[in-house]
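Enquirer: A predicted structure for the sequence below; I have some questions about it.
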Amino acid sequence: MTHLGYLLAGWGITLGALGIYAFRLAVRGRSLAVRVPVERRRWMTSEDDS
Amino acid sequence: MTNPPLDLPAHTGSRTTQVLGAAVLVGVATMILLGFFVAPEDDLMADSVRMIFVHVPSAILTYVAFSVTAVGSVMWLWKRSVWWDIVAHSSAEIGVVFCGLTLITGSIWGRPTWNTYWEWGDVRLVTTLILFVMMIGYLAVRSMGGDESAVATRAAVVGVIAAINIPIINRSVEWWADRTLHQQSSITDGKLEDWTLFTMFLGIVVWGVFYTWSMTHRFRIAWLERELRDGDLDEAIAARRAEAAASGGVS
């Protein structure tokens, strides 16, 4: 396959960046959620989407 | 303080985000399979055409994310809706990630295709860079301290002005056809092979699902941050009142 180095760099950076961003969102959400009283976490009180 | 019901999770996920996240993982695995092993090489660009599967979806989701920011900004300026303000902020942050990836993957793709990582004379490259810098500015404005409403208004103005750039970037290869290394639209010119086109569309869908997943989490994070600030404020006010009452009502 030609240009394999460029392809791996482009795909690797893209998937790596999206993965790290997603991970950071999940961690940030977790650390915030435990600090906010449950009655203020409005979207989580829905029966079919909790 | 009320005790939390046991079934409420201490995170920003939900059944919907779990399904979306799983769909993204399956979608990315399928993209890798199709992109590297099924889609054929291009007559002109050889295997470097496989960069299209991550570059074009990133560019399209950049447009989507910053357009949502513009809509949210307008709604904030018009209705003073906090919900829309959070939508605008959340979408801007995700858009900056996609826009950065568009610039990076485009630059990497440019080296084997155009023999250069960057060309300052290319209108699409420069206007995309301007959009990226403007949205970094948007996030910088948002991170400034001070009155929340004033910060949201300043950021909204930046968000709306930045969005003017989106149609310019999109049409630049036609308006300045002699000042770009970019080809005309890859989707409508009919020059791409079937599997190449299919994989690129799959990439757009998968990136779209990722955007939805991220937006959901990012919105909830922003909401939690707001609730936390309001909660701290409520506690501070209550403490101050208690202090004033204890000292005989003198505040």
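Expert: All right, it came through fine. Numbers count the residues shown, from 1 in each chain, chains lettered A, B, ... in the order given.
Enquirer: can you tell me the residue of chain B closest to chain A?
Expert: B:Thr12 (3.1 Å; C-beta to the nearest C-beta). Where C-beta positions appear, they are placed from N, C-alpha and C, glycine not excepted.
Enquirer: quick one: what helix or strand has the residue lying closest to that residue once chain neighbours are set aside in it?
Expert: Closest residue to B:Thr12 apart from its sequence neighbours, by C-beta to C-beta, 6 or more residues apart in numbering or on different chains: A:Gly29 at 3.1 Å. Using DSSP states H and E, the element containing A:Gly29 is helix A:4-33.
Enquirer: how far out from the middle of the chain is that helix?
Expert: Here helix A:4-33 is found 8 Å from its chain centre; the criterion is C-alpha atoms, centre = their mean, to the nearest Å.
Enquirer: Chain A contacts on the stretch 51-200 of chain B?
Expert: Residues of the stretch 51-200 of chain B found near chain A (C-beta under 8 Å from any C-beta of the partner chain) are B:51, B:54-55, B:58, B:94, B:97, B:100-101, B:104-105, B:108-109, B:111-112.
Enquirer: Return the subset of those residues lying in helices.
Expert: Among those, the ones falling in helices (DSSP state H) are B:54-55, B:58, B:94, B:97, B:100-101, B:104-105, B:108-109, B:111-112.
Enquirer: next one: phi and psi at A:Val36?
Expert: Here is the backbone geometry of A:Val36 (degrees, to the nearest 10): phi -100, psi 130.
Enquirer: what's near enough to touch the residue nearest the centre of chain B?
Expert: The centre of chain B sits closest to B:Gly95, judged by C-alpha atoms, centre = their mean, with a distance of 1.9 Å. Residues in contact with B:Gly95 (C-beta atoms under 8 Å, 6 or more residues apart in numbering or on different chains) are B:Leu61, B:Thr62, B:Val64, B:Ala65, B:Phe66, B:Val68, B:Thr69, B:Met135.
Enquirer: Counting neighbours, what do you get for residue 29?
Expert: Going with chain A. 22 (other C-beta atoms under 10 Å in any protein chain shown).
Enquirer: my bad, chain B
Expert: By the criterion of other C-beta under 10 Å, B:Ala29 has 11 neighbours.
Enquirer: any idea which helix is longest in chain B?
Expert: If you go by DSSP H, chain B has its longest helix at helix B:194-246.
Enquirer: quick one: that helix to helix A:4-33, angle?
Expert: 30 degrees (axes from the mean of the first three to the mean of the last three C-alpha atoms, to 10 degrees).
Enquirer: Now the residue of chain B closest to chain A: which helix or strand?
Expert: Applying DSSP H and E, one finds B:Thr12 in no helix or strand.
Enquirer: Contact partners for it?
Expert: B:Thr12 makes contact with A:Leu25, A:Ala26, A:Gly29, A:Arg30, A:Leu32, A:Ala33, B:Thr216, B:His217, B:Arg220, B:Ile221, B:Leu224, according to C-beta under 8 Å, 6+ apart.
Enquirer: and B:Ala239, how many residues sit next to it?
Expert: 10.
Enquirer: and it, what pLDDT?
Expert: Note on B:Ala239: pLDDT of 79.
Enquirer: on that earlier part again, tell me which two of the ones in helices among the residues of the stretch 51-200 of chain B next to chain A sit farthest apart.
Expert: Greatest spacing in those, by C-beta to C-beta: B:Ile94 and B:Pro112 (28.8 Å).
Enquirer: okay, these two: which has more neighbours?
Expert: More crowded of B:Ile94 and B:Pro112, by other C-beta under 10 Å: B:Ile94, with 27 against 17.
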